[in-house]
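> Sharing a model that was predicted from the sequence below.
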Amino acid sequence: MQGVTIADHPLVQHKLTILRDKDTSTRSFRALLREISVLLCYEVTRDLPLEDVEIETPVARMSGKTIAGKKLVFAPILRAGMGLLDGMLELVPSARVAHIGLYRDPKTLKAVEYYFKAPADIADRLVVVIDPMLATGHTAVAAVDRLKEYGVKQIRFVCVVASPQGIDILRSHHPDVPVWAAAVDEGLDDHAYIVPGLGDAGDRIYGTK
Ligand code: URA
């Protein structure tokens, strides 16, 4: 699939299977999601540009590598996206955060915005949008629309489980936004849940069902 990277690392796939299991507790679900987010973060940052820097080790001077450019931004889509944030910040502690509050209207399934708070200079940074589920794609498209209104030019999307429809919608609206996922599932049910999926990610993270 063009523009889609599947994180097929055995650790990701193993953890995802436990995450999907309906008998996995809230506590374990949260911990696993955090662990998966670290591994997804590793994948999505794999090609970040580097620059040379002169340092002195206790033994000799050398030219080392550091990540070039401005600090990146993680943009969790509330509320389920928060389940991926801490693990990503663990790996990239200097990253900035943009919170995007969107919910799915249960009747229309369209995204409705209720909160948006981002770094003032977000337009100059690489933004990684995070949401465990890419289902209908409406929320993802709305989040990317909003970031582009703020002038953001470099956007990546990270999810745990995607549907083929969600990927098609996001990629057709925003072909410049590559997607990272741990799995692409069969499709959506009548309530727009991913099948087989893992259920409602927000409810499973926060134990609200
Ligand atoms: N959101 C979820 O949390 N789960 C789905 O399956 C689809 C959307």
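In hand now; what should we look at?

> Specify the local secondary structure of the residue sitting furthest away from the middle of the chain.
Distance to the chain centre peaks in the chain at residue 59, reaching 40.5 Å (criterion: CA atoms, centre = their mean). Secondary structure state of residue 59, per DSSP: H, G, I helix; E, B strand; the rest coil, is coil.

> Alongside the ligand, which residues does the protein contribute?
80, 133, 135, 193-194, 197, 200-202 (CB under 6 Å from any ligand atom). To be clear about C-beta, it is placed using only N, CA and C from the backbone, and glycine gets the same treatment.

> can you do 5 Å?
Residues of the chain lying near the ligand by CB under 5 Å from any ligand atom: 133, 135, 193-194, 197, 200-201.

> So which of these are in strands?
133, 194 (DSSP state E).

> Now which of the residues of the chain next to the ligand would you call buried?
133, 135, 193-194, 197, 200-201 (16 or more other CB atoms under 10 Å).

> Spatially central, which residue of the protein would that be?
residue 130 (2.4 Å).

> Now do the contacts for that one.
37, 74-77, 81, 84-85, 88, 157-159 (CB atoms under 8 Å, 6 or more residues apart in numbering).

> Residue 14 - how many residues pack around it?
12 (other CB atoms under 10 Å).

> Pretty sure residue 147 sits against residue 119.
No - taking contacts as CB atoms under 8 Å, residue 147 lies outside contact range of residue 119: 11.5 Å.

> Look up the pLDDT of residue 2 for me, please.
Looking at residue 2, its pLDDT is 89.

> secondary structure element for it?
Residue 2 is part of no helix or strand when elements are defined by DSSP states H and E.

> longest helix of this structure?
Secondary structure of the chain read by DSSP state H shows that its longest helix is helix 26-44.

> how far away is the nearest residue to residue 141 once chain neighbours are set aside from residue 143?
Excluding its sequence neighbours, the residue lying closest to residue 141 (CB to CB, 6 or more residues apart in numbering) is residue 173, at 4.7 Å. Separation of residue 173 from residue 143 (CB to CB, to the nearest Å): 11 Å.

> Looking at those two, which one has more neighbours?
Under the neighbour definition other CB under 10 Å, residue 173 and residue 143 were set side by side, and residue 143 has more, 30 against 15.
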